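Visitor: Kindly return the folded structure for what I paste below:
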Amino acid sequence: MISRRPFLYAAVVLLLLTLFLTWPQGLYPGTKIANHDDSYFSAWRIAWIAHSLRTDPRHLFDANVFYPEQRTLAYSDATLLEGLIATPFLWIGLSPVLLYNLLLLGGIAASGLGMFVLVRYLTNNSEAALVAAAIFLLLPYRVAHYPHLELQWTAWIPLAYWAVHRTIANGSWRFGLLTGVFIWLQLISAVYYGIFLAPMVLLLALSLLAARRRDIAVPLAALAAGAVLAAMLTYPYTRPYLENARTLTRTSEDVRMYSATPLTYLVAPAKNWLWGWTGRGVTGDELMLFPRVVAVGLALIGVARRPRLVVGLYAGLGCLAFVLSLGFNSPLYRWLFANISLYRGLRAPARFSIFAFCSLSVIAGFGVDQLQRWYSTPRARSGVWLAALILVALECGSAPMKLEDVPTRTPEVYKAINDLEPGVLVELPTPVPPALAGVESTYSFWSTTHWKPLVNGYSGFTTSRYLETMARMRTFPDDRSIERLEELGVRYVLVHEHLYDPPKLPKLLIAMGQRRELIPKGRYRDWAGPAALFELRR
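Guide: Modelled structure (predicted):
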């Protein structure tokens, strides 16, 4: 049925499945985003990359948030590849919201295509490959992480595996180098996955070479060349992270909180139509790792298939990924955390589960292939894969996604800030530790309209200086808080009046009016209500 132009056919089907999974996001690419702080954060990240590449590429990682800290883009995943793709479109005036949504949906669809390429090569069966691709694309994991741009970019994982297979089968230097390129692309798409992918590729390659036993010199050399290429390409990108790791590390409690357990693999997001009841009352999107009954059933059929070498290898990789996803509940991950510096900067070992799901998808593809072999007529074989595809889609149905509107016009207060002379800005209210999210991601997002240095910030890490600033700002505008702003070189103070409790706002504005250092610059509208702008003069 899909023997003609299988890649194009698969691309269309997987795009439709992406729109189905994320419905109704596809109707509002430029005006709505997922109702989550990380959506604003991701839009800011890709906008910052475009801005920095045009104005000062050497300081790409010195983003405008958390002023006066350095390398603040590396406090979280920089989403460099996504930013590079978006850059030319942002330069011609397209909105960060539109580009964020297109990249989000594109990353999901491309992940399915990557799996299609791998399984089609392994099975020589486009129909089985399409079901495997759908399983990988429609993961409940993706619904749980729907706002997280970088976590949807998983295409390079199956493509790296595919390149390893091609290298060893053909002794191809081209595919050996391509393996390294795919590892690099995964790292600059999603740092977590790139760090996790390298050892998984190594284990797959060593296992395939061990099974081959002879004529391994050329493929081994080709893969070694790919490893060198990956190291050369990734080192400049990892330097800011390595430098940050000297002072910014995860606590054991952080890692333990985001370590999976076997029971988390029985939890689906509450949005899921069929299995959402398992996730009701469960907090934490990192710990909803249900692999689905249909996918597991197909994989069990795949495990029973002969020959078993490739299936066995992927089963082993999947089991290893499962163990590593347990994080501090696994001695192996505790060893990695203690001995490898890059792992000490990672908060969520549960994200290793994507590699378990990758293996599950591959083995399920073999299961579909085996099911089709039980039938002799083309019509019956087509019915098998179509039934499997429909069952996978229905079991993974989770729409509608919860979206929120984003203004398409720049709020007038940010237009006013853009017209001001250069200076450091702080936006109020500031969060109260330990709750540090609040509207900081929104402040970061709207800084794309003026790009002034911002004391506020939203990211995976916070520094002790930022925490001290937030603590001292709780009593603003007393002497201690004003002194702190002066130490940081703040020139402008923006008060979002609608974010304050009504009884507190008049007292705040009266107190600010009594400070001679605070000069009113006008009252405007922000994205949702009134905002007062002040200049801090020393």
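
Visitor: Residue 534 in helix, strand or coil?
Guide: At residue 534, secondary structure determined by DSSP: H, G, I helix; E, B strand; the rest coil is strand.

Visitor: Counting neighbours, what do you get for it?
Guide: For residue 534, the count of nearby residues is 22 (other CB atoms under 10 Å). Any C-beta I mention is one placed from the backbone N, CA and C, and that applies to glycine too.

Visitor: now swap in residue 221 and tell me
Guide: 14.

Visitor: State the distance from it to residue 194.
Guide: Taking CB to CB, to the nearest Å as the measure, residue 221 and residue 194 are separated by 23 Å.

Visitor: My guess is residue 521 contacts residue 535. True?
Guide: Yes - taking contacts as CB atoms under 8 Å, residue 521 lies within contact range of residue 535: 5.4 Å.

Visitor: any common contacting residues for those two?
Guide: Shared contacts of residue 521 and residue 535, defined by CB atoms under 8 Å, 6 or more residues apart in numbering, are found at residue 492.

Visitor: where does this protein dip in pLDDT?
Guide: Low-confidence segments of the chain (pLDDT under 70): 1-4, 249, 306-307, 434-436.

Visitor: Can you give the domain ranges for it?
Guide: For the chain, whose domains are defined here by automatic domain parsing, the residue ranges read 6-30+95-396, 412-536.

Visitor: between the ones you listed, which one is nearest to residue 66?
Guide: When these are compared by CB to CB, domain 412-536 sits nearest residue 66, at 3.7 Å.

Visitor: What's the end-to-end length of that closest one?
Guide: 20 Å (CA to CA, to the nearest Å).

Visitor: Run the chain-centre distance for that domain.
Guide: Taking the mean of its C-alpha atoms, domain 412-536 sits 28 Å from the chain's own mean (CA atoms, centre = their mean, to the nearest Å).

Visitor: check contacts around residue 109.
Guide: Contact partners of residue 109, counting by CB under 8 Å, 6+ apart, are 11, 14-15, 17-18, 137.

Visitor: nearest to residue 157, of those residues?
Guide: Looking across those and measuring by CB to CB, the closest to residue 157 is residue 137, at 12.7 Å.

Visitor: Not counting residues beside it along the chain, what's closest to that closest one?
Guide: residue 112 (3.5 Å; CB to CB, 6 or more residues apart in numbering).

Visitor: doesn't residue 142 make contact with that neighbour?
Guide: No - using CB under 8 Å, residue 112 is not in contact with residue 142; the gap is 10.3 Å.

Visitor: So the two - more neighbours on which side?
Guide: When residue 112 and residue 142 are compared on other CB under 10 Å, the one with more neighbours turns out to be residue 112, at 28 against 25.

Visitor: before we move on, which element is the more buried one in?
Guide: Taking DSSP states H and E as the criterion, residue 112 maps to helix 96-123.

Visitor: Leaving out chain neighbours, which residue sits closest to the residue nearest to the spatial centre of the chain?
Guide: Nearest to the geometric centre of the chain sits residue 150, at 2.3 Å (CA atoms, centre = their mean). Distances taken as CB to CB, 6+ apart place residue 190 nearest to residue 150, at 4.0 Å, with adjacent residues excluded.

Visitor: got it, and residue 453?
Guide: residue 67 (4.0 Å).

Visitor: ok, that neighbour to residue 442 distance?
Guide: Relative to residue 442, and taking CB to CB, residue 67 is found at 17 Å.

Visitor: now residue 200
Guide: When CB to CB is the yardstick, residue 200 and residue 442 sit 37 Å from each other.

Visitor: which residues in the stretch 401-538 of the chain form strands?
Guide: Taking DSSP state E, counting those that start in this stretch, the strands of the stretch 401-538 of the chain run over residues 403-405, 424-428, 490-496, 518-525, 530-536.

Visitor: mind giving me a markdown table with those and columns for distance to residue 58?
Guide: Listed next are the strands of the stretch 401-538 of the chain as a markdown table, based on distance: least, CB to CB, whole Å:
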| stretch | distance to residue 58 |
| --- | --- |
| strand 403-405 | 36 |
| strand 424-428 | 21 |
| strand 490-496 | 25 |
| strand 518-525 | 33 |
| strand 530-536 | 30 |
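
Visitor: quick one, which of those is nearest to residue 61?
Guide: Of all the strands of the stretch 401-538 of the chain, it is strand 424-428 that lies closest to residue 61, at 18.8 Å by CB to CB.
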